[in-house]
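A.B. asks: this is a predicted model, with the sequence first.
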Amino acid sequence: MERLTTLYIDKESHKFSAAHYTIFSAYERERLHGHNYSVSARIVAPMGDNGFAADYNVYKRRLKALCDALDEYMVLAEDSPYQRIEDLGHAYRVYFAEDEMFFLKSDTRVLPIRNATVEEFSGYLLQQLLLVSEGDDLREIELCVASGPGQKGCASWRKP
Ligand SMILES: Nc1nc2c(c(=O)[nH]1)N=C([C@H](O)[C@H](O)COP(=O)(O)OP(=O)(O)OP(=O)(O)O)CN2
């Protein structure tokens with residue numbers, strides 16, 4: 001029987017600071033605010049003959065790069081059914097209910113997510129991690145994003 005190992009990666013350096021607002025309905029959203037988000041992962045891989053599964057340093061570097069790509073940005077949810085994002089060249093104009101908001105493009109990341117929530121951030125980052133980990137011999141990944149101590153959302157993948 002195949003022996004599997006679970007690696008946990010939960011580093012203080014795996015974090016990003018980002019501004020966002022959660023959308024609750026077509027008419028209700030939070031005010032713009034920020035969080036220091038932390039990212040952690042659980043990786044299940046087959047145990048090698050020499051007592052070594054996947055190299056956790058590889059995944060540490062990948063998680064750090066994913067965090068850095070979002071650090072110090074305003075995050076907008078492109079796939080929200082409740083807002084529309086218009087590209088103005090140097091800026092984005094966002095329509096939500098009665099609001100019209102402007103964000104400099106250089107300060108903003110527009111992500112293919114339906115809301116700027118920990119659930120959606122974890123799903124997005126998991127997909128990004130899977131893309132850069134293609135070909136790796138893994139069985140499961142669970143990636144979690146916390147918006148603060150004691151509150152997080154996780155997304156998971158299992159090898160089909
Ligand atoms: N299911 C989710 N619910 C909420 C999310 C989320 O991402 N998924 N996000 C928010 C807010 O954006 C944000 O987290 C505000 O959190 P809140 O708990 O009000 O404030 P703190 O992070 O400062 O936590 P404290 O417990 O007050 O210290 C809301 N809901």
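C.D. replies: It's in. Numbering: from 1, shown residues only.
A.B. asks: which residue sits closest to I113, ignoring its sequence neighbours?
C.D. replies: E120 (3.9 Å; C-beta to C-beta, 6 or more residues apart in numbering). C-beta here means a position set from N, CA and C on the backbone, and glycine is covered the same way.
A.B. asks: scratch that, G89
C.D. replies: Distances taken as C-beta to C-beta, 6+ apart put K105 closest to G89, at 7.9 Å, once the chain neighbours are dropped.
A.B. asks: on that earlier part again, wasn't the residue nearest to I113 part of a helix?
C.D. replies: Yes - checked against DSSP: H, G, I helix; E, B strand; the rest coil, E120 lies within a helix.
A.B. asks: which ones are touching it?
C.D. replies: 77, 111, 113-114, 153 (C-beta atoms under 8 Å, 6 or more residues apart in numbering).
A.B. asks: if we go to 7 Å?
C.D. replies: Counting by C-beta atoms under 7 Å, 6 or more residues apart in numbering, E120 touches 77, 113-114.
A.B. asks: let me know how buried the residue of the chain found nearest the ligand is, in neighbour terms.
C.D. replies: Nearest residue of the chain to the ligand: T117, at 3.3 Å (C-beta to the nearest ligand atom). Counted with other C-beta atoms under 10 Å, the neighbours of T117 add up to 17.
A.B. asks: next one: D71
C.D. replies: When neighbours are counted by other C-beta under 10 Å, D71 comes out with 14.
A.B. asks: isn't there a strand covering it?
C.D. replies: No - D71 is assigned coil when assessed by three-state DSSP, not a strand.
A.B. asks: what about R61, which SS state?
C.D. replies: Under three-state DSSP, R61 comes out as helix.
A.B. asks: all strands for the protein, in order.
C.D. replies: In the chain, the strands defined using DSSP state E lie at 4-9, 15-20, 33-46, 73-77, 83-87, 91-96, 99-104, 108-111, 140-148, 151-158.
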